[in-house]
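# have a look at this fold, sequence not included:
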């Protein structure tokens with residue numbers, strides 16, 4: 001589960017998961033929902049992302065989302081499904097397809113993932129992430 005949150009000159013998401021991995025997956029879904037205006041994304045291609053984990057979950061989250069944003073910018077792909085495992089490194093799989101304006105509409109162009117107001121909180125229900133994007 002994720003929801004889009006508005007902020008002065010930026011846009012962000014609040015993502016929830018039972019585990020940290022699920023929350024990372026939901027954060028990525030939310031980011032691509034902003035980019036594609038919430039349109040359906042089919043799982044036609046797969047991209048693997050590996051990022052070393054050196055103990056800081058916030059840095060890992062920003063690196064994860066920025067890597068997905070980089071793939072989107074360079075390859076023109078959008079993703080709607082994710083599978084993340086975190087141990088000594090993050091290994092994530094992103095499933096999606098080529099961006100098509102007819103199918104995916106005109107969402108918001110995200111320039112970067114920011115550390116501004118970034119939060120990763122745990123409670124009895126799981127993990128909640130809040131992250132803002134520079135648009």
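Structure received. As the structure is a computational prediction, the values presented were derived from the model and not from experiment.
# what is the neighbour count of the residue lying closest to residue 34 once chain neighbours are set aside?
Of all residues not flanking residue 34 in the chain, residue 108 sits nearest, at 5.1 Å (C-beta to C-beta, 6 or more residues apart in numbering). Any C-beta I mention is one placed from the backbone N, CA and C, and that applies to glycine too. When neighbours are defined as other C-beta atoms under 10 Å, residue 108 has 15 of them.
# which SS state does residue 108 fall under?
What DSSP: H, G, I helix; E, B strand; the rest coil gives for residue 108 is coil.
# pLDDT score for it?
What the model reports for residue 108 is a pLDDT of 86.
# which ones are touching it?
Contacts here follow C-beta atoms under 8 Å, 6 or more residues apart in numbering; on that basis residue 108 touches 11, 34, 35, 37, 135.
# tell me the secondary structure at the first one.
Using three-state DSSP, the structure places residue 11 in strand.
# that one against residue 37, yeah?
No. The criterion here is C-beta atoms under 8 Å, and residue 11 misses it with residue 37 at 11.8 Å.
# the two - which one has more neighbours?
More crowded of residue 11 and residue 37, by other C-beta under 10 Å: residue 11, with 18 against 11.
# show me the beta-bridge partners of that one.
Assessed by DSSP bridges, residue 11 has beta-bridge partners residue 6, residue 133.
# repeat that for residue 89.
residue 52.
# counting neighbours, what do you get for it?
13.
# these two touch, right, it and residue 52?
Yes. Using C-beta under 8 Å, residue 89 is in contact with residue 52, at 5.0 Å.
# and the helices in the protein, which stretches?
20-35, 57-75, 101-104 (DSSP state H).
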